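**Student:** The sequence and its predicted three-dimensional model are supplied below.
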Amino acid sequence: MKIISYDCFSGISGDMNLGAMIDLGVDKDYLIDELNKLKLPGWELLIQKDQRHGIGGTKVTVKQTRHEHAHRHLSDIDKIINDSTLDAKTKELSKKIFFTIAQAEAKVHGVPVDHVHFHEVGAVDSIIDVVGAAICFNALNVAAVHISAVELGSGFVLCDHGRLPVPAPATAEIIKDIPVKKGGVNFEATTPTGAAILATLGTHFSSDMTIRIEKTGYGVGQKENPDVPNLLRVFLGEIINDSESGHDAIQIECNIDDMNPEFFEYISDRLFKAGASDVFFTNILMKKSRPGILLCVICEKELVATVRNIIFTESTSLGIRSFPFRKDTLTRSFETIETSYGIISVKRSYYNGKEVSSKPEYEDCRRIAAEKGIPVKEVYNNIMSSIFSDGKKQ
């Protein structure tokens with residue numbers, strides 16, 4: 001199973017991502033030909049070899065060839081993408097990345113998503129960065145994306161809203177619950193576009209890579225930094241097979257008997273977004289026969305501090321217990337397929353190289369059911385029939 005692993009020791013921006021993808025093997029002429037399908041005038045892609053601290057990589061600059069004052073809404077960008085001749089998978093992924101940014105901007109400014117004005121992110125260069133990310137991701141045809149701790153930078157950044165602290169408010173909202181670090185460089189290391197690419201593509205968020213590296217690519221940033229090379233490093237590799245997939249993990253648990261049960265869903269969502277492998281609740285009887293809830297979280301070692309912080313700040317728990325244990329998992333791959341409902345994501349699981357199960361992503365099924373006004377079980381069963389039929393044909 002092929003995967004991409006992002007090593008964001010100096011952050012990530014849209015152009016650094018394009019540089020890393022080309023350096024990793026995406027054909028630059030193919031990328032430009034695909035981007036031209038946007039039928040969006042006023043840009044040119046400058047691609048050159050460069051280096052930082054003696055490490056060579058690819059530097060990409062999106063040069064705007066004419067001045068524009070457009071402050072686009074999400075609907076304007078969706079129209080540009082929908083009206084293009086790009087393939088359906090690239091359109092869908094591009095729109096997902098932009099929607100991630102729009103949600104963050106809406107939260108920061110306190111307005112509905114469809115009222116958000118894209119300033120820098122709505123400019124031609126950012127559209128090229130986002131759609132280019134989708135093109136490159138689909139071209140590499142990987143099943144998963146691992147993200148290491150992301151450097152955010154420090155200081156202040158100038159934008160249309162004035163001088164803002166790093167990370168910019170939208171970036172901070174997008175990157176929420178993803179492991180980060182701060183202060184490694186003295187500038188804005190991770191931009192809203194870069195953060196949205198990670199948040200949308202990422203399937204695993206940890207520094208524990210269980211892959212065999214086949215190739216390394218470097219995207220060169222626009223800035224020079226005397227202390228840390230301004231580079232985005234990306235690995236292309238293959239996940240280690242099931243016989244080697246066991247590793248040590250941590251189970252964190254606590255008893256709760258005095259909290260509004262409506263809060264559990266929110267806490268669970270935060271824990272999953274932070275990278276927890278599993279979160280579950282069990283009804284228990286505590287001392288004096290008081291009914292309570294046992295909250296259990298399974299996570300990797302490097303996420304313990306993050307999980308602990310979420311539990312202590314979001315719940316009424318006064319203490320937690322932590323247990324190390326061995327975790328063995330099936331190899332999983334994620335892919336998108338075309339169905340009668342459109343493009344949906346499918347998760348496949350393998351044992352010793354043999355597929356043992358497959359199913360559609362529940363969130364896709366739920367979204368389709370809501371849009372079509374039909375039962376979610378009908379959507380699920382129809383997609384499962386499609387998956388089964390495709391498997392028989394193969």
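**Tutor:** Perfect, I can see it now.
**Student:** partners of the least confident helix or strand in the chain by mean pLDDT in the sheet?
**Tutor:** Sorting the helices and strands of the chain by mean pLDDT, DSSP states H and E puts strand 331-339 at the bottom, at a mean of 76. In the sheet, strand 331-339 lines up against strand 342-351 (antiparallel) (DSSP bridges).
**Student:** Other residues contacting the partner strand?
**Tutor:** 1, 88-89, 92, 242, 330-337, 355-361, 364-365, 368, 383, 387 (C-beta atoms under 8 Å, 6 or more residues apart in numbering). Backbone N, C-alpha and C define where each C-beta goes, glycine included.
**Student:** Give me the buried subset of those.
**Tutor:** For the contacts of strand 342-351, a burial check counting by 16 or more other C-beta atoms under 10 Å picks out 1, 89, 92, 242, 331-334, 336, 358, 360, 364-365, 368, 383, 387.
**Student:** Next, give me the two most distant ones among those.
**Tutor:** Farthest-apart pair in these is 242 and 368; separation 31.6 Å (C-beta to C-beta).
**Student:** Could you measure from the most centrally placed residue in the chain over to residue 368?
**Tutor:** Centroid-nearest residue in the chain: residue 199, 2.6 Å away (criterion: C-alpha atoms, centre = their mean). Per C-beta to C-beta, to the nearest Å, residue 199 is found 22 Å from residue 368.
**Student:** and the chain, what are its domains?
**Tutor:** As assigned by automatic domain parsing, the chain contains the domains 2-240, 247-327, 331-393.
**Student:** So for the longest one, mean pLDDT?
**Tutor:** In other words, domain 2-240. For domain 2-240, mean pLDDT is 91.
**Student:** And for the second one?
**Tutor:** The predicted model gives domain 247-327 an average pLDDT of 92.
**Student:** For it, measure first residue to last.
**Tutor:** Distance between the two ends of domain 247-327: 5 Å, counting by C-alpha to C-alpha, to the nearest Å.
**Student:** what sits up against the least confident helix or strand of the chain?
**Tutor:** Strand 331-339 is contacted by residues 1, 88-89, 92, 143-144, 203, 239, 241-242, 245, 343-351, 382-383, 386-387, 390 when judged by C-beta under 8 Å, 6+ apart.
**Student:** and that strand, how far from the chain's centre?
**Tutor:** 16 Å (C-alpha atoms, centre = their mean, to the nearest Å).
**Student:** Count the neighbours of residue 173 for me.
**Tutor:** Counted with other C-beta atoms under 10 Å, residues neighbouring residue 173 total 20.
**Student:** Let me know the secondary structure of it.
**Tutor:** Following DSSP: H, G, I helix; E, B strand; the rest coil, residue 173 is assigned to helix.
**Student:** shouldn't it be in contact with residue 104?
**Tutor:** Yes. Counting by C-beta atoms under 8 Å, residue 104 is a contact partner of residue 173 at 3.9 Å.
**Student:** hmm, what's the outermost residue in the protein?
**Tutor:** Computed with C-alpha atoms, centre = their mean, the maximum C-alpha offset from the centroid of the chain is found at residue 288, amounting to 45.2 Å.
**Student:** Next, give phi and psi for that one.
**Tutor:** Phi and psi for residue 288, reported as degrees, to the nearest 10, are phi 60, psi 30.
**Student:** Residue 30 now?
**Tutor:** Dihedral pair for residue 30: phi -60, psi -40, per degrees, to the nearest 10.
**Student:** all helices of the protein, in order?
**Tutor:** For the chain, the helices defined by DSSP state H cover 14-24, 28-35, 74-82, 88-109, 124-140, 169-174, 192-201, 263-273, 304-314, 362-372, 376-393.
**Student:** ok so, going back, so which of the domains of the chain is the most packed in?
**Tutor:** Among the domains of the chain, ranked by average contacts under mean count of other C-beta atoms under 10 Å, first place goes to domain 2-240 (a mean of 19).
**Student:** and that domain, how far from the chain's centre?
**Tutor:** Per C-alpha atoms, centre = their mean, the centroid offset for domain 2-240 relative to its chain is 11 Å.
**Student:** now swap in stretch 329-336 and tell me
**Tutor:** Put simply, stretch 329-336 sits 16 Å off its chain's centre (C-alpha atoms, centre = their mean).
**Student:** Bridged to residue 239, which residues?
**Tutor:** With DSSP bridges as the rule, residue 239 is bridged to residue 211.
**Student:** so it sits right up against residue 204, yeah?
**Tutor:** No. Applying C-beta under 8 Å as the test, residue 239 and residue 204 come out as separate, 9.9 Å apart.
**Student:** Which neighbours do the two have in common?
**Tutor:** Taking C-beta under 8 Å, 6+ apart as the contact rule, residue 239 and residue 204 both touch residue 144.
**Student:** contacting residues for residue 176?
**Tutor:** Shown in contact with residue 176 (C-beta under 8 Å, 6+ apart): residue 273.
**Student:** Quick check: it vs residue 183, distance?
**Tutor:** 18 Å.
**Student:** ditto for residue 101
**Tutor:** The spacing between residue 101 and residue 183, counted by C-beta to C-beta, is 24 Å.
**Student:** Residue 335 now?
**Tutor:** Residue 335 is 38 Å from residue 183, by C-beta to C-beta.
**Student:** again, but for residue 124
**Tutor:** Taken as C-beta to C-beta, the span from residue 124 to residue 183 is 32 Å.
**Student:** one step back: distance to residue 47 added to the helices of the chain, as JSON lines?
**Tutor:** Formatted as JSON lines, the helices of the chain follow (distance: least, C-beta to C-beta, whole Å):
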{"stretch": "helix 14-24", "distance to residue 47": "6"}
{"stretch": "helix 28-35", "distance to residue 47": "5"}
{"stretch": "helix 74-82", "distance to residue 47": "23"}
{"stretch": "helix 88-109", "distance to residue 47": "20"}
{"stretch": "helix 124-140", "distance to residue 47": "11"}
{"stretch": "helix 169-174", "distance to residue 47": "26"}
{"stretch": "helix 192-201", "distance to residue 47": "18"}
{"stretch": "helix 263-273", "distance to residue 47": "34"}
{"stretch": "helix 304-314", "distance to residue 47": "37"}
{"stretch": "helix 362-372", "distance to residue 47": "35"}
{"stretch": "helix 376-393", "distance to residue 47": "37"}
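**Student:** Noted, bye for now.
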